[in-house]
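Asker: Provide a 3D model corresponding to the input given below.
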Amino acid sequence: MITNIDYYKNNIKPLYYIIIKMNTEDINDKESINLCYESIKELFSLYKQNPYIKSRINYHITHLLPTTLYNEYKIKQQRNLRLDYLTNEQQQFIQFFLSEHKYYYLQNSSFFYFYDNITYSIVKEDIILHKLLTSISKDRKLMDWKYRTKINIIKQIKNRNLFNCIPETETIQNVLNLLYPLLFKDKKQVKYFLTIIGDNILKKNNDNIFLIKPKTNKLLSELNAITYIKTGLSNITHNFVTKFNQKYNYNNCRLIKINNNVQINNWKNILSTHGIDIICVAAHYSKRFESSENYIQNIINDENIYNYTLFLTNNNQEDIFNNFCNHSIQEYNNIDNQPKSNFSINWKNMHYIWKLYISKFSLPSTILLNTLKSLLKDKYQYDENIDTFYNITSPYLPCVSNFLLFWDKTIIVSNINNNNPLNDFEQEIEIDEICYLFKKWTQEYNFNTLSNGNIYENDVIKILKHFFSSIEIVENKYIIGVYSNMWNKNDDINNSLNQLKEFYFNKSNLNNNFEHIHFDDAYNFYYKYKNNNNFIISKRYFEKYLYLNLSQYIIHDNFIDFCWYSY
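Answerer: Next comes the predicted model:
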């Protein structure tokens with residue numbers, strides 16, 4: 001007769017050895033065996049009067065239970081093997097998928113991002129899921145785990161912060177080339193600027209204040225706007241200011257020289273296309289260089305940029321004042337063979353010279369005007385009654401004085417209350433026309449100027465804004481409500497129109513054909529009419545004059561009706 005022990009040994013060896021091992025090594029399993037034993041005793045006790053049931057208990061325990069347990073053991077073993085296999089396949093799939101498809105995430109915006117090793121872009125979660133599920137279906141091995149794998153990958157992507165992605169060299173160079181030379185004159189300045197932005201993105205503690213020109217504030221506002229739209233981060237340029245505050249600690253002030261002639265629409269287009277690239281490279285530089293302060297102090301290795309950036313750190317108010325005087329003011333004792341009485345600068349001119357100085361060196365106005373005036377009064381002879389400093393002059397004064405004289409002698413401000421026929425409509429002179437008129441004027445009157453009468457448009461704008469603040473300048477190009485006695489634009493146009501009218505009248509009689517005159521044709525006729533004269537009216541002004549003075553003959557927006565010349 002085969003005993004139960006023999007049966008376990010001979011037929012279900014794995015289960016037998018497991019039981020033996022449990023009996024010898026695991027006390028908890030011993031307790032479990034005892035519980036099973038007690039349960040069997042209870043069953044026998046319960047059916048002690050029923051031989052059939054007792055025989056069935058014995059049969060189930062000795063014949064069915066070992067086989068059932070062995071089968072369950074094998075099934076469990078197979079499940080474990082399959083679990084290990086699928087787990088391994090899933091890990092490999094996730095590794096390869098995330099390596100091939102560089103997806104990232106930001107909690108601030110709840111946006112997913114994709115990086116193709118050249119540029120960053122926002123991507124919808126649905127697109128990621130479609131790509132993911134398509135890849136799983138193509139691979140086939142994880143079909144049973146498709147949902148589980150999807151959940152796992154999305155979770156891992158959400159743990160991949162966008163700013164932990166290291167941009168490729170091509171991306172970095174693209175960003176540098178976008179900002180140089182558009183915004184900065186040197187790529188090192190670009191890197192410094194980006195590192196500052198990166199510090200702000202990563203919320204690194206920084207007490208420094210970065211001073212910029214007021215006109216560049218619009219550029220930073222656009223950068224702030226696109227950053228908020230694309231990443232949910234707000235005010236990443238909070239420590240950039242356009243005006244120096246006397247409460248600022250000079251040691252914490254850094255100067256940033258950004259080009260202020262950038263067309264805002266061009267900048268918007270760049271940010272729209274490459275805004276995320278700029279933001280990610282900025283975060284990368286902040287990590288790479290540790291901080292903007294470490295970059296400027298220890299890495300940049302450019303004396304000019306270093307000295308400019310740390311100008312306020314290395315110069316106090318007294319230093320700045322002395323630099324201004326040494327550069328912009330000449331004392332009488334330093335000028336030979338000139339009468340002493342010829343040298344004086346009134347306060348309004350001195351203020352303008354100060355503005356030229358800080359503009360030339362791209363410096364903020366760190367000295368209050370009252371303080372500047374007090375320092376000048378302590379240094380130079382001053383007459384309170386006429387608000388003038390004596391025994392000094394400036395290399396800037398001759399050109400300014402000549403221009404002010406030119407303006408006084410040749411430029412007339414329109415007055416609608418007088419009877420001047422030139423006031424029929426609002427006249428204007430362009431800045432470049434003023435420059436040309438000034439040159440002609442200085443040459444005609446033989447003014448002895450080092451520049452030979454040449455003056456830059458930016459200097460004209462500065463002079464006008466300082467000395468003639470009531471003058472209206474539009475788009476830094478058009479001076480509204482003024483005209484020059486050197487050049488009567490309206491007479492030029494009228495003379496041209498009279499000849500144009502005669503030309504078309506004769507032409508229509510010859511051909512017996514009346515035609516409308518397009519504005520372009522009228523202006524081209526004027527241009528040829530004036531081809532021997534360097535004073536050429538702009539097309540903008542020419543058309544503006546036509547709209548007002550020939551309004552009853554204008555048809556289809558930009559045609560002169562033939563009735564104008566047919567009578």
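Asker: helix, strand or coil for K348?
Answerer: helix (DSSP: H, G, I helix; E, B strand; the rest coil).
Asker: nearest residue to K489 in space, ignoring adjacent ones along the chain?
Answerer: In this structure, K489 finds its nearest non-sequential neighbour in I537, 5.3 Å apart by CB to CB, 6 or more residues apart in numbering. All C-beta atoms are positioned from the backbone trio N, CA, C, and that covers glycine.
Asker: what number of residues lie near the one you found?
Answerer: Close neighbours of I537, defined as other CB atoms under 10 Å, add up to 21.
Asker: that one: which element?
Answerer: Per DSSP states H and E, I537 falls between elements, in no helix or strand.
Asker: same deal with the one 5 residues further on?
Answerer: Secondary structure from DSSP H and E places F542 in helix 539-549.
Asker: following that helix, which helix or strand comes up?
Answerer: strand 554-555.
Asker: averaged pLDDT, that following strand. What do you get?
Answerer: The pLDDT scores in strand 554-555 average 92.
Asker: same check, this time on stretch 322-340
Answerer: 75.
Asker: before we move on, the earlier item: quick check, the residue nearest to K489 in contact with D491.
Answerer: No: if you go by CB atoms under 8 Å, I537 and D491 don't touch, sitting 10.7 Å apart.
Asker: how about the helices in the stretch 1-150 of the chain?
Answerer: Secondary structure of the stretch 1-150 of the chain by DSSP state H, counting those that start in this stretch: the helices cover 4-11, 13-25, 27-46, 51-59, 65-100, 125-139, 146-158.
Asker: can you check which of the ones you listed gets nearest to E430?
Answerer: helix 125-139 (51.7 Å; CB to CB).
Asker: in the closest one, what's buried?
Answerer: 128, 131-132, 135-136 (16 or more other CB atoms under 10 Å).
Asker: got a list of contacts for it?
Answerer: 93, 97, 101, 103, 112, 142-143, 146, 149-150, 153-154, 157 (CB atoms under 8 Å, 6 or more residues apart in numbering).
Asker: nearest to Y527 among these?
Answerer: For the contacts of helix 125-139, the nearest to Y527 is F112 (57.4 Å; CB to CB).
Asker: my guess is the closest one meets V123, correct?
Answerer: Yes: applying CB under 8 Å as the test, F112 and V123 come out as touching, 5.1 Å apart.
Asker: ok, the two, which is more surrounded?
Answerer: Looking at F112 and V123 with other CB under 10 Å, you find the greater number of neighbours at F112, namely 22 against 17.
Asker: which ones are touching the more buried one?
Answerer: 103-105, 122-125, 128, 157.
Asker: report pLDDT for the residue nearest the centre of the chain.
Answerer: The centroid of the chain falls nearest to L223 when counting by CA atoms, centre = their mean (3.3 Å). If you check L223, the pLDDT there is 97.
Asker: so how far is K268 from it?
Answerer: 10 Å (CB to CB, to the nearest Å).
Asker: equivalent analysis for S551, please.
Answerer: 37 Å.
Asker: who's more crowded, those two?
Answerer: Higher neighbour count among S551 and K268: K268, with 15 against 8, using other CB under 10 Å.
Asker: what sits closest to the more buried one if chain neighbours are left out?
Answerer: Per CB to CB, 6+ apart, closest to K268 is E222, 5.8 Å.
Asker: helix or strand for the one you found, which one?
Answerer: helix 217-231.
Asker: report all helices and strands that that helix contacts.
Answerer: Applying 3 or more CB pairs under 8 Å, 6 or more residues apart in numbering; DSSP states H and E, one finds that helix 217-231 contacts helix 264-288.
Asker: helix or strand: which one has the closest residue in space to L182 that isn't next to it in sequence?
Answerer: Leaving aside its sequence neighbours, L182 sits nearest to V262 (CB to CB, 6+ apart; 6.1 Å). If you go by DSSP H and E, V262 is not part of any helix or strand.
Asker: follow-up on the earlier one: possible to save the buried residues of helix 125-139 as CSV with distance to P398?
Answerer: Below are those laid out as CSV (distance: CB to CB, whole Å):
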residue, distance to P398
I128, 68
K131, 70
L132, 74
S135, 75
I136, 80
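Asker: what's the closest of those residues to D302?
Answerer: Nearest to D302 among the buried residues of helix 125-139, with distances taken as CB to CB, is I128, at 43.2 Å.
Asker: quick one: the closest one from I157, how far?
Answerer: Counting by CB to CB, the gap from I128 to I157 is 7 Å.
Asker: so what sits against both of those two?
Answerer: By CB under 8 Å, 6+ apart, the residues touching both I128 and I157 are 103, 112.
Asker: for the stretch 301-450 of the chain, what spans make up the helices?
Answerer: 303-309, 311-314, 317-328, 347-360, 369-379, 397-410, 431-444.
Asker: turn those helices into CSV, columns for distance to V474 and mean neighbour count.
Answerer: Below are those laid out as CSV (distance: least, CB to CB, whole Å; neighbours: other CB atoms under 10 Å):
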stretch, distance to V474, mean neighbour count
helix 303-309, 33, 15
helix 311-314, 34, 18
helix 317-328, 31, 16
helix 347-360, 21, 17
helix 369-379, 28, 14
helix 397-410, 18, 17
helix 431-444, 10, 18
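Asker: and those as TSV, adding distance to T171?
Answerer: As requested, those are exported to TSV (distance: least, CB to CB, whole Å):
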stretch	distance to T171
helix 303-309	24
helix 311-314	33
helix 317-328	40
helix 347-360	36
helix 369-379	47
helix 397-410	47
helix 431-444	40
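Asker: any idea which of these gets closest to N161?
Answerer: helix 303-309 (30.0 Å).
Asker: who does that closest one touch, helix- and strand-wise?
Answerer: By 3+ CB pairs under 8 Å, 6+ apart, helix 303-309 packs against helix 187-201, strand 253-255.
Asker: tell me which of those is the most buried.
Answerer: For these, the largest average neighbour count (mean count of other CB atoms under 10 Å) is found in helix 187-201, namely a mean of 23.
Asker: now it: mean pLDDT?
Answerer: Mean predicted confidence for helix 187-201 is 97.
Asker: please apply the same query to stretch 122-137.
Answerer: 85.
Asker: how far does that stretch sit from the chain's center?
Answerer: 31 Å (CA atoms, centre = their mean, to the nearest Å).
Asker: where does pLDDT dip in the stretch 401-550 of the chain?
Answerer: 415-425, 446-452, 531-534 (pLDDT under 70).
Asker: at 50 instead, please
Answerer: Along the stretch 401-550 of the chain, the model assigns pLDDT under 50 to residues 417-423, 450.
Asker: show me the shaky parts of the stretch 51-200 of the chain.
Answerer: For the stretch 51-200 of the chain (pLDDT under 50), the answer is none.
Asker: I meant the stretch 251-400 of the chain, not that one.
Answerer: If you take pLDDT under 50 as the line, the stretch 251-400 of the chain has these spans: 334-335, 340-341.
Asker: could you redo the last one with a cut-off of 70?
Answerer: For the stretch 251-400 of the chain, the stretches flagged by pLDDT under 70 are 333-342.
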